[in-house]
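A.B. asks: How does the following fold in three dimensions:
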Amino acid sequence: MLQEVIEDVASRGNCVIVGRGAPYILRNHSDAFHVFIYAPRDEKIRRIKTLGKTEKEAAQLVAEVDAERASFIRHYFGAEWPCRALYNAMINSKFGDEYVIEMILQHVDALEKLHSPQPARV
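C.D. replies: Modelled structure (predicted):
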């Protein structure tokens, strides 16, 4: 069902799909642009601590969430997480949301230029 939903949404045109194995499901879609957004472990812990968790609680939550993500991908796709070969870009989010957005837009812009017809040289 997950595969059907993701493929249906992707077939409708431009969209953003966060997680749920989309790069694995859409791996053969040449028009899909896959970004893996990550943060170093210390940064993840720092962010969780701002929500009122202790250092120990934050570290445990980071470990659990990463283990759950890896387990989900292994169970449903028989692959390791993250499978770097499936991504067009991997971006470190420790520099903030605006940085991540700008990097994605720059990557997409560069690809569009690469694939757009170039004027003939005379």
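A.B. asks: Could you use CA atoms for every contact and neighbour count after this?
C.D. replies: Noted.
A.B. asks: right, and the secondary structure at the closest residue to Arg74 other than its chain neighbours would be what?
C.D. replies: Counting by CA to CA, 6 or more residues apart in numbering, Arg74 lies nearest to Glu80, which is 5.8 Å off, once chain neighbours are set aside. In the three-state summary, Glu80 is assigned as coil, counting by DSSP: H, G, I helix; E, B strand; the rest coil.
A.B. asks: Glu80 reaches Ala67, doesn't it?
C.D. replies: No - using CA atoms under 8 Å, Glu80 is not in contact with Ala67; the gap is 11.1 Å.
A.B. asks: on that earlier part again, how many neighbours does the residue nearest to Arg74 have?
C.D. replies: Glu80 is flanked by 14 other residues according to other CA atoms under 10 Å.
A.B. asks: Contact partners for it?
C.D. replies: Residues touching Glu80, when contacts are defined by CA atoms under 8 Å, 6 or more residues apart in numbering, comprise 70, 73-74.
A.B. asks: how close does it get to Ser71?
C.D. replies: 9 Å (CA to CA, to the nearest Å).
A.B. asks: How about Met1?
C.D. replies: In this structure, Met1 and Ser71 are separated by 18 Å, where distance is defined by CA to CA.
A.B. asks: who has more neighbours, these two?
C.D. replies: Legend: neighbour count by other CA under 10 Å for Met1 and Ser71, higher for Ser71 (16 against 6).
A.B. asks: what packs against the helix or strand containing the more buried one?
C.D. replies: Mapping Ser71 onto the secondary structure by DSSP states H and E places it in helix 55-77. Packed against helix 55-77, as judged by 3 or more CA pairs under 8 Å, 6 or more residues apart in numbering; DSSP states H and E, are the following elements: helix 41-49.
A.B. asks: what sits opposite the residue nearest to the spatial centre of the chain in the beta ladder?
C.D. replies: Among the residues of the chain, Phe36 comes closest to the average C-alpha position under CA atoms, centre = their mean, at 2.9 Å. Taking DSSP bridges, one obtains Met90 as the residues bridged to Phe36.
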